[in-house]
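Asks: 3D, please:
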Amino acid sequence: MVPRKAFMTKGVGVHKDKLASFELALREAGIEKYNLVTVSSILPPNCKVISKEQGLKELKPGAIVHCVLAKSQTDEPYRTLAAAIGNAIPVNEDNYGYISEHHSFGEDEKAAGEYAEDLAATMLATTFGIEFDVDSAWHEREDVYKASGHIIDTTHICQCAKGDKSGKWTTVVAAMVFVE
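Replies: As a prediction, the model looks like this:
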(Lines give C-alpha, C1' and ligand atoms only; values in the text may rest on other atoms or scores of the structure.)
Protein backbone atom coordinates (compact mmCIF):
# COMPACT_ATOMS: atom_id res chain seq x y z
CA MET A 1 0.00 0.00 0.00
CA VAL A 2 1.35 3.40 -1.01
CA PRO A 3 -0.91 6.25 0.06
CA ARG A 4 -1.99 8.71 -2.64
CA LYS A 5 -3.17 11.41 -0.25
CA ALA A 6 -2.55 12.66 3.28
CA PHE A 7 -3.92 15.32 5.59
CA MET A 8 -2.85 17.02 8.81
CA THR A 9 -4.99 17.34 11.92
CA LYS A 10 -4.70 18.13 15.62
CA GLY A 11 -6.67 18.02 18.86
CA VAL A 12 -6.67 18.30 22.64
CA GLY A 13 -8.56 16.30 25.27
CA VAL A 14 -8.99 16.58 29.04
CA HIS A 15 -10.35 13.82 31.30
CA LYS A 16 -9.70 12.21 34.70
CA ASP A 17 -8.51 9.06 32.88
CA LYS A 18 -5.38 9.16 30.73
CA LEU A 19 -6.82 6.94 27.98
CA ALA A 20 -10.07 8.91 27.85
CA SER A 21 -8.15 12.17 27.46
CA PHE A 22 -6.32 10.61 24.49
CA GLU A 23 -9.66 9.52 22.99
CA LEU A 24 -11.03 13.05 23.37
CA ALA A 25 -7.95 14.51 21.67
CA LEU A 26 -8.41 12.09 18.77
CA ARG A 27 -12.10 13.03 18.66
CA GLU A 28 -11.29 16.73 18.41
CA ALA A 29 -8.82 15.87 15.63
CA GLY A 30 -11.60 13.92 13.86
CA ILE A 31 -9.74 10.60 13.79
CA GLU A 32 -11.16 8.73 16.79
CA LYS A 33 -13.29 6.35 14.72
CA TYR A 34 -10.37 4.68 12.94
CA ASN A 35 -7.92 1.96 13.94
CA LEU A 36 -4.76 4.03 13.84
CA VAL A 37 -1.44 2.42 12.97
CA THR A 38 1.54 4.67 13.52
CA VAL A 39 4.27 4.65 10.91
CA SER A 40 7.60 6.40 10.46
CA SER A 41 8.42 9.53 8.58
CA ILE A 42 8.21 9.15 4.80
CA LEU A 43 5.78 11.11 2.63
CA PRO A 44 5.38 8.80 -0.39
CA PRO A 45 6.26 10.04 -3.88
CA ASN A 46 3.32 11.80 -5.58
CA CYS A 47 1.31 11.83 -2.34
CA LYS A 48 -0.88 14.94 -2.32
CA VAL A 49 -1.45 16.79 0.93
CA ILE A 50 -5.17 17.58 1.05
CA SER A 51 -7.48 19.28 3.53
CA LYS A 52 -8.69 17.45 6.62
CA GLU A 53 -12.27 17.74 5.36
CA GLN A 54 -11.40 16.10 2.02
CA GLY A 55 -9.44 13.32 3.72
CA LEU A 56 -12.12 12.46 6.27
CA LYS A 57 -14.68 12.05 3.47
CA GLU A 58 -12.58 9.21 2.05
CA LEU A 59 -12.25 7.23 5.29
CA LYS A 60 -14.79 4.82 6.80
CA PRO A 61 -15.33 4.18 10.53
CA GLY A 62 -13.37 1.13 11.69
CA ALA A 63 -10.86 1.36 8.84
CA ILE A 64 -7.21 0.63 9.52
CA VAL A 65 -5.60 4.00 8.93
CA HIS A 66 -1.87 4.71 8.88
CA CYS A 67 -0.55 7.95 10.32
CA VAL A 68 2.47 9.72 11.72
CA LEU A 69 1.32 10.68 15.21
CA ALA A 70 2.75 13.08 17.77
CA LYS A 71 1.28 12.87 21.28
CA SER A 72 2.05 14.47 24.61
CA GLN A 73 0.22 13.95 27.92
CA THR A 74 0.36 15.38 31.44
CA ASP A 75 -1.59 15.38 34.66
CA GLU A 76 0.48 18.27 36.05
CA PRO A 77 -1.59 21.44 36.48
CA TYR A 78 -0.60 24.29 34.14
CA ARG A 79 2.28 22.36 32.50
CA THR A 80 2.63 23.44 28.86
CA LEU A 81 2.68 20.56 26.39
CA ALA A 82 2.87 20.36 22.61
CA ALA A 83 2.51 17.85 19.79
CA ALA A 84 3.63 18.89 16.31
CA ILE A 85 3.98 17.39 12.85
CA GLY A 86 6.37 18.85 10.26
CA ASN A 87 6.30 18.15 6.54
CA ALA A 88 8.84 18.71 3.76
CA ILE A 89 7.89 18.16 0.11
CA PRO A 90 10.49 17.83 -2.67
CA VAL A 91 10.25 19.82 -5.91
CA ASN A 92 10.29 16.58 -7.89
CA GLU A 93 7.17 14.82 -6.63
CA ASP A 94 8.55 11.51 -7.91
CA ASN A 95 10.90 11.71 -4.91
CA TYR A 96 9.73 11.02 -1.38
CA GLY A 97 9.38 13.71 1.27
CA TYR A 98 9.70 13.68 5.04
CA ILE A 99 7.29 13.97 7.93
CA SER A 100 8.51 14.55 11.47
CA GLU A 101 6.78 14.28 14.82
CA HIS A 102 7.74 16.34 17.85
CA HIS A 103 6.39 16.06 21.40
CA SER A 104 7.52 18.49 24.05
CA PHE A 105 6.92 20.30 27.32
CA GLY A 106 7.43 24.01 27.90
CA GLU A 107 7.34 25.09 24.25
CA ASP A 108 4.72 27.36 22.73
CA GLU A 109 2.95 26.56 19.45
CA LYS A 110 5.35 28.58 17.30
CA ALA A 111 8.51 27.02 18.76
CA ALA A 112 7.22 23.43 18.67
CA GLY A 113 5.72 23.80 15.18
CA GLU A 114 8.84 25.35 13.70
CA TYR A 115 11.00 22.69 15.33
CA ALA A 116 8.96 19.93 13.67
CA GLU A 117 9.03 21.73 10.30
CA ASP A 118 12.79 22.26 10.58
CA LEU A 119 13.34 18.60 11.43
CA ALA A 120 11.39 17.38 8.39
CA ALA A 121 13.18 19.85 6.09
CA THR A 122 16.59 18.91 7.50
CA MET A 123 15.95 15.19 6.97
CA LEU A 124 14.91 15.85 3.37
CA ALA A 125 17.83 18.22 2.74
CA THR A 126 20.33 15.56 3.82
CA THR A 127 18.98 13.12 1.20
CA PHE A 128 19.90 15.66 -1.49
CA GLY A 129 23.31 16.43 -0.03
CA ILE A 130 22.39 20.07 0.62
CA GLU A 131 25.11 21.68 2.70
CA PHE A 132 24.00 23.83 5.62
CA ASP A 133 25.13 25.02 9.02
CA VAL A 134 23.31 22.88 11.60
CA ASP A 135 23.79 25.64 14.19
CA SER A 136 22.13 28.35 12.10
CA ALA A 137 18.57 29.48 12.81
CA TRP A 138 15.66 27.63 11.18
CA HIS A 139 14.74 30.57 8.92
CA GLU A 140 18.31 30.79 7.63
CA ARG A 141 18.37 27.06 6.85
CA GLU A 142 14.89 27.28 5.32
CA ASP A 143 16.22 29.83 2.81
CA VAL A 144 19.18 27.55 1.98
CA TYR A 145 16.91 24.53 1.55
CA LYS A 146 14.47 26.30 -0.75
CA ALA A 147 17.25 28.01 -2.74
CA SER A 148 18.75 24.58 -3.43
CA GLY A 149 15.94 23.85 -5.88
CA HIS A 150 15.17 20.51 -4.20
CA ILE A 151 12.59 21.44 -1.54
CA ILE A 152 9.38 23.11 -2.67
CA ASP A 153 7.39 23.39 0.53
CA THR A 154 7.60 22.93 4.27
CA THR A 155 4.67 23.12 6.67
CA HIS A 156 3.67 22.15 10.17
CA ILE A 157 0.66 21.68 12.42
CA CYS A 158 0.88 21.99 16.18
CA GLN A 159 -1.43 21.54 19.15
CA CYS A 160 -0.44 23.12 22.45
CA ALA A 161 -2.26 23.20 25.78
CA LYS A 162 -1.67 23.76 29.47
CA GLY A 163 -2.28 20.92 31.89
CA ASP A 164 -5.74 21.02 33.46
CA LYS A 165 -5.72 23.19 36.59
CA SER A 166 -7.33 20.45 38.69
CA GLY A 167 -4.85 17.74 37.62
CA LYS A 168 -6.98 15.87 35.09
CA TRP A 169 -5.08 14.28 32.24
CA THR A 170 -4.49 16.61 29.30
CA THR A 171 -3.50 15.11 25.95
CA VAL A 172 -2.45 16.89 22.76
CA VAL A 173 -2.12 15.17 19.39
CA ALA A 174 -1.03 16.17 15.91
CA ALA A 175 -1.06 13.77 12.97
CA MET A 176 -0.38 13.32 9.28
CA VAL A 177 -3.08 10.84 8.25
CA PHE A 178 -2.70 8.74 5.09
CA VAL A 179 -5.54 8.01 2.69
CA GLU A 180 -5.19 5.12 0.24
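Asks: helix or strand right after the lowest-mean-pLDDT helix or strand in the chain?
Replies: The helix or strand of the chain with the poorest confidence is helix 138-147; it has a mean of 75 (mean pLDDT, DSSP states H and E). Using DSSP states H and E, the helix or strand that follows helix 138-147 in sequence is strand 151-162.
Asks: ok, that next one: who's next to it in the sheet?
Replies: Strand 151-162 has the following strand partners under DSSP bridges: strand 80-90 (antiparallel).
Asks: Give me the distance between residue 151 and residue 126.
Replies: Note on residue 151: its distance to residue 126, by CB to CB, to the nearest Å, is 11 Å. All C-beta atoms are positioned from the backbone trio N, CA, C, and that covers glycine.
Asks: what bridges to the residue most central in space within the chain?
Replies: What sits nearest the mean C-alpha location of the chain, by CA atoms, centre = their mean, is residue 85, with 1.8 Å. Counting by DSSP bridges, residue 85 forms beta bridges with residue 101, residue 157.
Asks: number of nearby residues for residue 14?
Replies: Using other CB atoms under 10 Å, residue 14 has 17 neighbouring residues.
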